[in-house]
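Visitor: Fold the following, please.
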Amino acid sequence: MVKDMQMLFDFYEATMSNGLFKNGMHNTISYFDMFFRRVPDEGGFAIMAGLEQLIEYLDNLTFTDEDIEYLRSQNKFSEEFLEYMRNFKFECDVWAIPEGTPIFPGEPIITVRGPAIQAMMIETMVLVTINHQSLIATKANRIVRAANGRAVMEFGSRRAHSYDAAVYGARAAYIGGCAGTACVKAGQEFDIPVTGTMAHSWVQHFPTEYEAFKTYAECYPDSCLLLVDTYNVLKSGVPNAIKVFDEVLKPLGFRPKGIRIDSGDITYLTKKVRKMLDDAGYPDCKICISNSLDEYLIRDMLIQGAQVDSFGVGERLITASSEAVFGGVYKVVATEEDGVMTPKIKISENIAKITIPCFKFCWRLYDNETGKAIADVITLFDEEIDSSKPYEIFDPVYTWKRKVVTNFTARRLFVKIFENGEKIYQSPSVKEIQNYCLNQVDTLWDEVQRFEKPHNYYVDLSQKLWDERKRLLDEYGNEVK
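Guide: This next block holds a predicted model:
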């Protein structure tokens, strides 16, 4: 995998930083938010992922002499700026929503506070790290939910967009709920269960399919799962598998783990195969399927009665093929000089691109009776939501839509990751993140989890934040006129 990622930034981040330095603005404190505008696949929510890798990057961010020489060769940067980069030490505060949390459009998922140069320079790595893994974790969670309790294995390494995408994609897929991965490197790096048995090439290396199965069963009698579609599933694959189960596994005292089908009309085949296995005395033999699966195919096959125990999902998961981009952005929301904070807003004729100004935090309100999430509320950083009192929430666009919430618990979603550049957060294990993710998804109503036209989960603004945003819209709107 690519190492030494400190130079992975867009060139304009360096030119802007140099310009700030030359104009004596490098010590200006800036606040940047990362957020996203739309859920992939028109879904009801996304899954936060990638934070651990971002933490590792920020915790080790320095520049080498070779890096400085390369920047010098561009003839754009002052020597004073290059010297600053040579002695670079990360000094920012960073807050983030923990990995595995369901997240929604518009709300800050990462906030960075620190010297403007530093907050600017990390934009690309913040976005590429969180965007990629959040996209894959979101897709994985959709597929896992479609499987309705059946195990989903991530099989996509060979179709990933790069080797990094294969490894970190497998991590994100596991966070989203996959039971394991075929990627050994991801298993080694993140302690994710690895799985896999044979490919068609194994079968083709032997004179007959029976000999291929027999040899494999002799090698792995305690974990025998056979790929039965190299030639003909019903006429040779399953009959040969059953013969090997009878002749090799039974005498050794083992039961078969399963068979896998990778082609054909899988719904039809699994019904036939299930009966064949049951009739042969192997009702405990599991049926695993693969072959360009996604959440819609899995859902439809199960509705049609497919007899499937687990799924191997590859290219459409590891590439999130139905939605190529997560779309997270990184925008300045405030600056600070001499302890005085000035909110910043970006205005656009495209309403979706108007930013939410100010240093702020996001809260999730849970109904105490059902345990379900009611809504998210974005507040100014120094606001508290008191769960012991009724709290009014309202749609920030259609402000007449209001609701008074009672008997609820408010939980602030942000945790602090860095303080003055020092890491103060210990990332959970990937298994802990997965468990947290599945538990948090379960707090969402089924209507929010729908694949088509999900219920709109509200992300509201506090009254104080809404007032401040309106003030800035009025102020800059008048300037434009």
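Visitor: Strands of the stretch 51-200 of the chain, residue ranges please.
Guide: For the stretch 51-200 of the chain, the strands defined by DSSP state E, counting those that start in this stretch occupy 93-96, 102-103, 110-115, 151-154, 180-181.
Visitor: With distance to Gln307 added, can I get those strands in CSV?
Guide: C-beta here means a position set from N, CA and C on the backbone, and glycine is covered the same way. As requested, the strands of the stretch 51-200 of the chain are arranged in CSV below (distance: least, Cβ to Cβ, whole Å):
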stretch, distance to Gln307
strand 93-96, 43
strand 102-103, 32
strand 110-115, 44
strand 151-154, 15
strand 180-181, 21
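Visitor: Which one, of the ones you listed, ends up nearest to Leu317?
Guide: Among those, strand 151-154 comes nearest to Leu317, with 6.1 Å by Cβ to Cβ.
Visitor: ok, and what's touching the closest one?
Guide: 140, 143-144, 169-170, 173-174, 177-183, 195, 288, 309-314, 317-318 (Cβ atoms under 8 Å, 6 or more residues apart in numbering).
Visitor: out of the strands of the stretch 51-200 of the chain, which comes closest to Arg450?
Guide: It is, among the strands of the stretch 51-200 of the chain and with distance given as Cβ to Cβ, strand 102-103, at 13.9 Å.
Visitor: Packing partners of the closest one?
Guide: Here strand 102-103 touches strand 46-47, going by 3 or more Cβ pairs under 8 Å, 6 or more residues apart in numbering; DSSP states H and E.
Visitor: Okay, now the sheet partners of the strand it packs on, with direction.
Guide: strand 102-103 (antiparallel) (DSSP bridges).
Visitor: and the partner strand, how far from the chain's centre?
Guide: Relative to its chain's centre, strand 102-103 lies at 10 Å (Cα atoms, centre = their mean, to the nearest Å).
Visitor: And for stretch 319-332?
Guide: With Cα atoms, centre = their mean, you get 10 Å for stretch 319-332.
Visitor: For that stretch, measure first residue to last.
Guide: 30 Å (Cα to Cα, to the nearest Å).
Visitor: ok, back up a step: with mean pLDDT added, can I get the strands of the stretch 51-200 of the chain in CSV?
Guide: Below are the strands of the stretch 51-200 of the chain laid out as CSV (pLDDT from 0 to 100):
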stretch, mean pLDDT
strand 93-96, 98
strand 102-103, 98
strand 110-115, 97
strand 151-154, 97
strand 180-181, 97
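Visitor: Which one of these lies nearest to Arg299?
Guide: When these are compared by Cβ to Cβ, strand 151-154 sits nearest Arg299, at 12.5 Å.
Visitor: can you give me how far the closest one is from the chain middle?
Guide: For strand 151-154 - counting by Cα atoms, centre = their mean - the centre lies 16 Å from the chain centre.
Visitor: Output it in CSV with nothing but the alpha carbons.
Guide: C-alpha atoms of strand 151-154 as CSV (Å, rounded to 0.1, in the frame of the first residue of the first chain):
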residue,chain,number,x,y,z
ALA,A,151,-24.1,-13.9,6.7
VAL,A,152,-22.5,-11.7,4.0
MET,A,153,-18.9,-12.1,3.2
GLU,A,154,-16.9,-9.4,1.3
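Visitor: Note down every partner strand of that strand and its orientation.
Guide: Strand 151-154 has its sheet partners listed here by DSSP bridges as strand 180-181 (parallel), strand 310-313 (parallel).
Visitor: Centre of the chain to the longest one, how far?
Guide: Right, strand 310-313. That offset, for strand 310-313, works out to 19 Å (Cα atoms, centre = their mean).
Visitor: Quick one: name whatever helix or strand follows that strand.
Guide: helix 315-318 (DSSP states H and E).
Visitor: what does that next one contact?
Guide: 136, 139-140, 143, 154-157, 159-160, 165-166, 169-170, 173, 178, 292-294, 321-322.
Visitor: Of these, just the buried ones, PyMOL syntax please.
Guide: To isolate the buried ones among those in PyMOL, judged by 16 or more other Cβ atoms under 10 Å, type:
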select buried, resi 136+139+140+143+154+155+156+157+159+160+165+166+169+170+173+178+293+294
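Visitor: which residue ranges form the helices in the stretch 301-450 of the chain?
Guide: Applying DSSP state H, counting those that start in this stretch to the stretch 301-450 of the chain gives helices spanning 315-318, 430-441, 446-449.
Visitor: From those helices, pick the one with the highest average neighbour count.
Guide: Of all those, helix 315-318 has the most neighbours on average by mean count of other Cβ atoms under 10 Å, namely a mean of 24.
Visitor: and the angle for the biggest helix by length in the chain with strand 110-115?
Guide: Identified as the longest helix of the chain according to DSSP state H is helix 123-147. Counting by axes from the mean of the first three to the mean of the last three Cα atoms, to 10 degrees, helix 123-147 lies at 170 degrees to strand 110-115.
Visitor: Quick one: residues contacting Ile261.
Guide: Taking Cβ under 8 Å, 6+ apart as the criterion, Ile261 is in contact with Val228, Asp229, Val233, Leu269, Thr270, Val273, Ile287, Cys288, Ile289, Ser290, Asn291.
Visitor: Repeat that for Val184.
Guide: By Cβ under 8 Å, 6+ apart, the neighbours of Val184 are Val194.
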